Structures are given as C-alpha cells and as structure tokens.
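S.K.: would you be able to build a 3D model of this:
(one chain, ligands or ions: 1)
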Amino acid sequence: MIHFQDVWFDYSPEITPEEQWNLRKISLSIQPGEYLALIGKNGSGKSTLARLCNGLLLPDRGQVVIDGHSTANPDHIWEVRRKVGLIFQNPDNQIVGATVADDIAFGLENIGCPTAEIRERVDYAMSQMGLTAFADRSPDQLSGGQKQRLAIASFLALQPQVMIFDEATTMIDPQGRAEILQIIDKLHQDGKTILHITHSLAEAMKAERILLLDQGECCLDFRSADILQVWEPLQQYAVDFPPMLLVAKHLHDWGYPIDIKHRQPTEMVEELWKLHLKK
Ligand SMILES: Nc1ncnc2c1ncn2[C@@H]1O[C@H](COP(=O)(O)OP(=O)(O)OP(=O)(O)O)[C@@H](O)[C@H]1O
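M.R.: Okay, here's the model as predicted:
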C-alpha cells in the first residue's frame, strides 16, 4: 500500500549537509489494512514522513509509492491524496464548512462527486463518527473531541484507503482521546490502513506494529506484541514507558508470561492470579 524506497528529504537540501537531512535512508512498506504507530522525539521527522505519504512533500531522493502510484508523478497526485487522508493535531485548521454537514460535503464537492452521492456519503460519515445529531450545527459549537471527529468524518467521506493521524489526540481531554482511539480501532477493523503518529507508547501499543524514528532515521520497526524483544534498544531513545507495561515487563522477568498488549490493571491482576494458581 505504502512503500518508501530509500527516501531522503530535507527542507533545505541545498545548504544542509547530507548527514543532517531531516529524513535519511527511509525504506519501509506498510501493507493494506495494517495498523502502524510512529513514535519518536520532537523533531525526529514523524510529521515530515506523514506529509511525504500523501505528496504534500516530495522526496529529494528515492521514491514514495502509494498503491502503485509514485507521489512524484504530477498526473497521480490527486489519486494519491484521495487514497491517503491526513488528520492533524488541531482540528480547527481543517474545518471549513458553516455546518457539520457542509464541512463534510466540502471535500466531496471539490472532487466533483454527484449531489445524491454527496448526501449519501455525508450521512454515512456522520453516522460512523456519531455526528448525525449535529448535522446542522456550526462546527464552532462543537467540543474539541467532536471537532476532531468532524475532521475524521470529512476524510472518511472521501473514502481514503489510508488514514494518517498526526498527533490527533494531543489537544483533547482523556475522554475525547479514548473516543478517538476507539474510532481508530474501528476504522482499522473496517479495513483501513492506519498510521498513528503519537508521543504516547501506551497509544502506540494499540497498533500491530511500531516504528521509531530518531534524528531522521528509522531506528526500530517491531510488532507491538514483541516489545520485550526490543526493550533494551527502546530504552536508549528515552521512550515514556506506561506504568502497566513496566509492571508487565517485571512480571515477565519473574516468570509470569502474561499478555503484554491492551493491558488494564484489572485484566492484569486476573491473568496473574490464574497463572499463580497454575504454578
Ligand atoms: N516547514 C519546515 N521548514 C523547515 N524545517 C522544518 C519544517 N517543518 C519541520 N522542519 C524541521 O524538520 C525536522 C523534523 O520535523 P517534524 O515536524 O517532521 O518532526 P516531528 O517528529 O513530527 O516533531 P514533533 O514531535 O515535534 O511534532 C525538525 O528539525 C524541524 O525543525
């Protein structure tokens, strides 16, 4: 679905020494329907990589290929942008319509979608994002979480195959964040390819696969279920390990092989108790 072939990029390639380019030697493949998280420190290049995925930025070297289309081919750029939806941190920057329904319809009008189909797609996107009751409301009257759901609905209506969430949970409260994470899960279950950029390892653990960028290079690429196998190198990158993951790691070290993913305290205690009874 998404292929980076030895991609190099810099915002000022003509004056920056090659070894300091913003992205270097990025080769990766994301399969259709995969759920991938991208983590890394501030300035490591996560948003830049996201922008390369939908042709907002073009590689200086190498190529980015989306579903067979190179982003560098101007004839394919609109196809690429329709396939890859990019949802940013601040939903206010993405909202343009006077009402929720208008906002979702806006992108569809731009791609010349017929009126009857626009109505169908807008209704579908609103129902998927729980916004039907807000159809005629001004986006200004929505909460932060609702605005973020509107931004997602506007992309969903365009029927992208890939949805990239660039720190899309950062500006919303814990309840809104949990809602957005559930929506991401649902989109993944519905077959969308997901790239979730986040500073939170707890959020990243919801993905099947985690990629870590450091100073423009891809340093780790692992299955989240196998996180214990990359524990030592991961520690070098000052990742903020969630407390339950640390507890799970200690339990593994003490011989309790509990499931490392999707960990809630109550689930962990129950599983631990069962393992203890077996011993
Ligand atoms: N428009 C731009 N012009 C010049 N340099 C930029 C631009 N946008 C980003 N950069 C630089 O590119 C590098 C990577 O930035 P990027 O935003 O991709 O990092 P990030 O990992 O997403 O960071 P954060 O976690 O803070 O969002 C940084 O050094 C940044 O200063």
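S.K.: ok, longest helix in this structure?
M.R.: Longest helix in the chain, counting residues (DSSP state H): helix 174-189.
S.K.: can you list the residues of the chain near the ligand?
M.R.: Selection of the chain residues close to the ligand by Cβ under 6 Å from any ligand atom yields 11, 22, 40, 42, 43, 44, 45, 46, 47, 48. C-beta: built from backbone N, CA, C; applies to glycine.
S.K.: adding pLDDT, write the residues you listed out as TSV.
M.R.: Shown next, in TSV, are the residues of the chain next to the ligand (pLDDT from 0 to 100):
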residue	pLDDT
11	96
22	96
40	93
42	91
43	92
44	94
45	95
46	95
47	94
48	96
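S.K.: max pairwise distance over the residues you listed: which two?
M.R.: Using Cβ to Cβ, the two most remote members of these are 11 and 40, lying 17.2 Å apart.
S.K.: neighbour count for those two, which is higher?
M.R.: residue 40 (24 against 11; other Cβ atoms under 10 Å).
S.K.: quick one: the strands in the protein?
M.R.: Secondary structure of the chain (DSSP state E): strands at 2-9, 23-30, 35-39, 61-66, 69-70, 84-87, 162-166, 193-197, 209-214, 217-223.
S.K.: what sits up against the helix or strand of the chain with the lowest mean pLDDT?
M.R.: Ranked by mean pLDDT, DSSP states H and E, the weakest helix or strand in the chain is helix 265-278, scoring a mean of 77. Here helix 265-278 makes contact (Cβ atoms under 8 Å, 6 or more residues apart in numbering) with 244, 247, 248, 251, 256, 257, 258, 259.
S.K.: of all those, which two lie farthest apart?
M.R.: Pairwise distances among the contacts of helix 265-278 were taken by Cβ to Cβ; the largest, 15.8 Å, belongs to 244 and 257.
S.K.: more crowded one of those two?
M.R.: Neighbours were counted for residue 244 and for residue 257 using other Cβ under 10 Å; residue 244 has more, 17 against 11.
S.K.: quick one, helices of the stretch 101-250 of the chain?
M.R.: Using DSSP state H, counting those that start in this stretch, the helices of the stretch 101-250 of the chain run over 115-128, 144-157, 174-189, 201-204, 231-235, 243-253.
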